[in-house]
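Novice: I would like the atomic coordinates for the input below:
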Amino acid sequence: MMRLTCILLLLISVSAARGENPRDELKGVKQEIKAKKQLISKTRKVEAVVSTELREINRSLEEKESDLGRLDRDLKGVEFSLDRTGREIVRVSDEANSKKQEIERRLASLYKAGELGAVRMFFSSESFPQMAENIRYMRSILDNDKRIFAEYNLKIDELRKLKTDLERDAVKKERIKGGIAAKKQEIEQEKSKKASYLVKVRQDRSSYEKSLKELQANAARLQTMMVRLEALSRRKLASRHEKPGSRLKPLAELLPVPDRGFASQKGRMSMPARGEI
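Specialist: Model prediction:
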């Protein structure tokens, strides 16, 4: 008991040396606790909002990842089209070159025959049927020449169209690749930003909760000190008002003694009162 009293007196003296009243200190701690609880409540609300935003972002990310999948499929389709167009260009170029060589050979034949080659063939006929055959043959040659030129022109037009498609698909491919890169960067930035913010909010809340526990422990200590100080103060006040000998039990509180006659009351009877008989 004396040890506890000394500790309490020491705490009182320390508080007095600091110029602090334990009651005032307890009041201040309770105010800090209230403020911390408000901060924690606010932080929890912010955390809930950020968590909701993160869920929304995750849904948005799923949509964007779906868009990425679509863009990837489009890119593969464009690459397939580019490959097919490239093969078509090679094929048509070969056919166009073949037609060009036919035209060159035909021109060489016409050049060798000279300007009157067709006329000589016409007049070299010995009979009317042979002349008709020569005319048919010349018409066939002309039709073949026209077909060769027409096919060559078609191949050139087809080649030009294929090259246009190739350039268009190449531009589309680059645009799709750029869109994929931008989507991925956007996704990563959103995830990183919100995740970092949520981590910070949770760290702040953890710090506030730790500080709150310390304040609550300090408040409990001060409350216990106040209770003990008040009890000690009451005991001191009661001890001042006690009269000397008041702690002796009155005769009425003595344990009763069995009645064994007058002799058994020896030493227990009160002194006779003074007065005249």
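Novice: contacts, neighbours, all on C-alpha from now
Specialist: Noted.
Novice: any low-confidence regions in the stretch 101-250 of the chain?
Specialist: Low-confidence segments of the stretch 101-250 of the chain, defined by pLDDT under 70: 110-128, 130-131, 133-135, 137-138, 241-250.
Novice: show me where it has helices.
Specialist: Taking DSSP state H, counting those that start in this stretch as the criterion, the stretch 101-250 of the chain contains helices spanning 117-123, 128-241.
Novice: out of the ones you listed, which is the most enclosed?
Specialist: Highest mean neighbour count of the helices of the stretch 101-250 of the chain: helix 128-241, a mean of 15 (counted as mean count of other CA atoms under 10 Å).
Novice: now the strand or helix carrying residue 59 against helix 128-241, angle please.
Specialist: Element membership of residue 59 [criterion: DSSP states H and E] is helix 22-113. Between helix 22-113 and helix 128-241, the angle comes out at 170 degrees (axes from the mean of the first three to the mean of the last three CA atoms, to 10 degrees).
Novice: about what we covered before: determine which of the helices of the stretch 101-250 of the chain approaches residue 33 most closely.
Specialist: Nearest to residue 33 among these is helix 128-241; the distance by CA to CA comes to 6.1 Å.
Novice: which other helices and strands contact that closest one?
Specialist: helix 2-17, helix 22-113, helix 117-123 (3 or more CA pairs under 8 Å, 6 or more residues apart in numbering; DSSP states H and E).
Novice: out of the helices of the stretch 101-250 of the chain, which comes closest to residue 41?
Specialist: Taking CA to CA as the measure, those were each checked against residue 41, and helix 128-241 came out nearest at 8.9 Å.
Novice: still on that earlier bit, hey, which of the helices and strands packed on helix 128-241 is tucked in deepest?
Specialist: helix 22-113 (a mean of 15).
Novice: just checking, what packs against that one?
Specialist: Helices and strands in packing contact with helix 22-113 are listed as helix 128-241; criterion 3+ CA pairs under 8 Å, 6+ apart.
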